[in-house]
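Based on what follows, work out the 3D shape:
(chains A and B)
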Amino acid sequence: MSHQARDLAATRAHAPHTSMFLRMLVRAAVLRRGRAASALFAMVVAAAVATAMLNLYVDVQAKLQREFRNYGANIILVGKDGASLPAGTLAQVDSALAGRGIAAPFGLIVARTSDGQPIVVAGVDFDRVKQLDRWWSVSAWPAAANQALVGVRALPLVSPKNQPFDLTFQGRALHVTPAGTVQTGAAEDSRIYVSLAEFVSWTGVQPSTVEVAASGSSAEVVAVMNQLTQAIPAADVRPVRQIMEGEARVLGKTRATLLAAAALIILTAALCVLSTLMGWVFDRRRDFAIMKALGASERLLNGFFAAEAAALGATGAMIGFLVGIGIAAWIGRANFHAPVVPRLGVLPIVLAGSMAVTLISAILPISLLRRVQPAVILRGE
Amino acid sequence: MFVRLVYESFRRQKRRKILAGAAITLGVTVATAMIAVATDIGDKINRELRTIGANLVVTPQEDSLDLEIGGVNLKPPTDGAFLSEADLPKIKGIFWHNNIVGFAPVLPVSAVIQHEGKPQDVTLTGTYFSKKVSYGNEDFVTGAKTLYPWWKVSGEWPDDNSRDVLIGERLANKLKEKPGDTITVSGRQLHIDGILSTGGAEDAEVIAPLSLAQEILGKPGAVRRVYVSALTKPEDAFARRDPKSLSGAIYDRWYCTPYPQAIALQLTEAMSHSHAEQIRQVAQNEGAVLTRIEGLIFLITLAALFASGLAVSAAMATAIFERRAEVGLMKALGAGKFAVASVFFAEAALMALIGGAVGFGIGSALAHQIGHSIFNSQISISPVLLPVILAIAVIVTFAGSAMAIRRAVSLDPVFALRGEL
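Numbering: from 1, shown residues only, chains lettered A, B, ... in the order given. Take a look at the predicted model:
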């Protein structure tokens, strides 16, 4: 016995008595580092891709719904038969939304300009409108009192030189200064917008319309609608079907495409793991034959390779999950300018899927090798 | 000898070749399908977004201000200017006519309904339901039915050449009318074909064929506004530049890009005394949604290409590693590193070509199936992509095999033959 080997024997004798089974597992991984690492790498990549795809699939709905809220209101409250809404309606709408959306009141009347032309004047809360109707192209929002936002088509009529002008409604006049113009390509272009407080004190008319952009899934939006119908009996609560149906269609198709893509990618990744692992196990048929020749039982052999596969699957899945969350977050940031929230619910699925794939790829070659005599394998045939 | 080596390797090791070939086929299938979906998704989602309604509106140039509250126009119907119905087919004659999904003219007029002996004011809006329009020798069908998919009609859609009408849901409830009844509008007996539900202002109106509205107004050929639904490219900084300030070639590039602004300009040019504009609520937001979805699918396609590349490399590496005894034998017989490597690379190239061609076929079928089941329309993949896909397959297979081949040729033949590595 060489000097070195004696030392090794001495250290082993004093080493804690870890079970043979564990040692076999650890040594198998350490001795064939390259092959074990490549199998683990394949597992990590597969788990990462699966995690990222599942995470995106779950989160894309919320992300796209947020984009669709830029289309503005999906619910409209109007007073029944054109009447004004009761005072406090806005507060009730706000409490029904509970921060999950935005509501803006609109008061509308037909006033006359100084030369007697009829024109629609709206009283609005500029801060709320700014958040609700993001597509409005506004040159400058009114900031001071008695400032108005003038539609691009109304401007040449009321204030061609951007000068202050008068509006009359039922004999009462309002003197306003144009702060900026609004352009939308729709009815807004022909209107004049003043702040709601000035509008009410000038006309005595309360808002007749509240536009609501409720966020969330279509079921949540319907729940908000039902809540509003019950809370405010004086109002007609209507969905903006054009927006809600378009949103549902686009979301449905996008998710279906994503699901198809996810299925393809996960399938490819799983097959990649399967082929790498099966190759690894096949490669070790000599280990298998030696164990069998030394008298290992079928159960022990199956248990050994299964434990190895399970350990690989679990480790790969955990690392892959973390990497996948990183990928999903990066895609969210790059594409939606908001990170994709990690879904812990994805972890058990990825873990179970990884273990299943690794177990299959370990057990399949073993069951093939079991029928072969160890002597045949050891002879290298 | 070289050809024979490769040929015999394929003939004798069918199982291994089939396994590696299957991995290549699968990888190419996924790559082809994802590339096809990614290149077409923009167009598909753009069409889905068109279900939100028109994104452009054409109005008379010298129009008086709208007096619209809650979707109800209070402007006297004879006031202001009109467009000419005869100009409408010209919409299909603009540069981007293939991007025009549909259009619908509207002409609101005030009418009086006799209900139980009492007169009642209503708005009657004239439009196209699904009217056949011809431009040159091209025929196409357009109108509210294609433009507003959210309009629900219980009963029948009226014919555009008839004097039948649709009646809004709320108005129908108030008048207690149902499909098949007859109403008296401004002295005319009209047959109700269906009840219309839109969730908007139309629910309180009578919707009639355009010619009927023109007759009630007494202005044949008059149209108040035209709503146009067009497939557009998301607006960018270049789109927002004023076309008047652009010169020559730059102006041509602006004009020949389907920006909402460019299509609006072409519509203005096509129809006399008109002014076309984008409806910002629809046009602006669809650009944002489209960009997001396209970006998402692009990133996912990258992930798919990466995953399939990896699958191919893994399969090739395993296949070569299993054959180290063979390498040992070749080297023992005096083959150089170059000779051994070239055999493997030739085999890899052959497999990549066969697997790539099969995978391209299956991938195209898969893309077609995805298009059919999700979008109800074709996702076609151009045959031009075949050489590109094959080249990618060969490159990925080579890259995947390179490491394994390098290891295989550097083996000591003695150890390899004894099976000790």
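
could you dump stretch B:288-297 to PDB, C-alpha only?
What follows is stretch B:288-297, C-alpha atoms only, in PDB (Å, rounded to 0.1, in the frame of the first residue of the first chain):
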ATOM      1  CA  ALA B 288     -49.400  50.600 -27.700                       C
ATOM      2  CA  VAL B 289     -51.200  47.300 -27.400                       C
ATOM      3  CA  LEU B 290     -49.800  46.000 -30.700                       C
ATOM      4  CA  THR B 291     -46.300  47.000 -29.800                       C
ATOM      5  CA  ARG B 292     -46.500  45.200 -26.400                       C
ATOM      6  CA  ILE B 293     -47.900  41.900 -27.900                       C
ATOM      7  CA  GLU B 294     -45.400  41.900 -30.800                       C
ATOM      8  CA  GLY B 295     -42.600  42.500 -28.400                       C
ATOM      9  CA  LEU B 296     -43.700  39.700 -26.100                       C
ATOM     10  CA  ILE B 297     -44.000  37.100 -28.900                       C
END
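
Need the residues that contact that stretch.
With C-beta atoms under 8 Å, 6 or more residues apart in numbering or on different chains as the test, stretch B:288-297 has contacts from A:56, A:60, A:63-64, A:67-68, A:70, A:250, A:254, A:257-258, A:261, A:331, A:334-336, B:37-38, B:41-42, B:45-46, B:49, B:234. Every residue, glycine included, has its C-beta placed from N, CA and C.

Let me know whether my guess that residue A:168 is in a helix holds.
No: with DSSP: H, G, I helix; E, B strand; the rest coil as the criterion, residue A:168 is strand rather than part of a helix.

what is it paired to in the beta sheet?
Beta-bridge pairing of residue A:168 under DSSP bridges involves residue A:112, residue A:173.

That one contacts residue A:115, correct?
No: counting by C-beta atoms under 8 Å, residue A:168 sits too far from residue A:115 to count as a contact (10.9 Å).

The two: who's more crowded?
Neighbour count, other C-beta atoms under 10 Å in any protein chain shown: between residue A:168 and residue A:115, residue A:168 has more, with 14 against 7.

got a list of what the more buried one touches?
Residue A:168 neighbours (C-beta under 8 Å, 6+ apart): A:111-112, A:114, A:174.

ok, now residue B:60?
Contact partners of residue B:60, counting by C-beta under 8 Å, 6+ apart, are B:80-83, B:224, B:273-275.

From the residues you listed, keep the buried residues only.
B:82-83, B:224, B:274-275 (16 or more other C-beta atoms under 10 Å in any protein chain shown).

Okay, and which of the contacts of residue B:60 map to strands?
In this view, these that belong to strands under DSSP state E are B:83, B:274-275.

still on that earlier bit, can you tell me which of the contacts of stretch B:288-297 are buried?
Neighbour counting over these (16+ other C-beta under 10 Å) leaves A:56, A:60, A:63-64, A:67-68, A:70, A:250, A:254, A:257-258, A:261, A:331, A:335-336, B:37-38, B:41-42, B:45-46, B:49, B:234 as the buried ones.

For the longest strand seen in chain B, C-alpha coordinates in CSV please.
The residue-count maximum for a strand in chain B (DSSP E) belongs to strand B:100-115. Below are the C-alpha coordinates for strand B:100-115, written out as CSV (Å, rounded to 0.1, in the frame of the first residue of the first chain):
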residue,chain,number,x,y,z
ILE,B,100,-58.9,49.5,-45.3
VAL,B,101,-60.9,46.9,-43.4
GLY,B,102,-64.2,48.7,-43.8
PHE,B,103,-66.0,52.0,-43.7
ALA,B,104,-69.5,53.2,-42.8
PRO,B,105,-71.1,56.5,-43.7
VAL,B,106,-73.5,58.1,-41.2
LEU,B,107,-76.2,60.6,-41.7
PRO,B,108,-78.3,61.5,-38.6
VAL,B,109,-81.6,63.2,-39.2
SER,B,110,-84.3,64.1,-36.8
ALA,B,111,-87.6,62.3,-37.4
VAL,B,112,-91.0,62.1,-35.7
ILE,B,113,-92.4,58.7,-34.7
GLN,B,114,-96.2,58.5,-34.3
HIS,B,115,-96.7,56.4,-31.2
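
Verify the contact between residue A:60 and residue A:253 for me.
No: Residue A:60 is beyond contact range of residue A:253, at 11.7 Å (criterion: C-beta under 8 Å).

Which residue, neighbours along the chain excluded, lies closest to the spatially most central residue of chain A?
By C-alpha atoms, centre = their mean, chain A has its centre lying nearest to residue A:59, at 2.4 Å. Excluding its sequence neighbours, the residue lying closest to residue A:59 (C-beta to C-beta, 6 or more residues apart in numbering or on different chains) is residue A:340, at 4.5 Å.

ok, the closest residue to residue A:378 other than its chain neighbours to residue B:229 distance?
The spatially closest residue to residue A:378, leaving aside those adjacent along the chain, is residue A:289, at 4.9 Å (C-beta to C-beta, 6+ apart). Separation of residue A:289 from residue B:229 (C-beta to C-beta, to the nearest Å): 71 Å.

who's more crowded, these two?
Comparing residue A:289 with residue B:229 by other C-beta under 10 Å, the one with more neighbours is residue B:229, at 26 against 19.

Quick one: residues contacting the more buried one.
Residues counted as contacts of residue B:229 (C-beta under 8 Å, 6+ apart) are B:50, B:53-56, B:100-103, B:146-147.

Tell me the one of those residues nearest chain A?
Lowest distance from chain A to the contacts of residue B:229 (C-beta to the nearest C-beta) belongs to residue B:53, with 5.4 Å.

contacting residues for the closest one?
Residue B:53 touches A:242, A:246, B:147-148, B:150, B:227, B:229, B:282, counting by C-beta under 8 Å, 6+ apart.

rerun at 7 Å
Residues in contact with residue B:53, defined by C-beta atoms under 7 Å, 6 or more residues apart in numbering or on different chains, are A:242, B:147-148, B:229, B:282.

And residue A:306, by the same measure?
Residue A:306 touches A:359, A:362-363, counting by C-beta under 7 Å, 6+ apart.

Just confirm it is within a helix.
Yes: the assignment for residue A:306 (three-state DSSP) places it in a helix.
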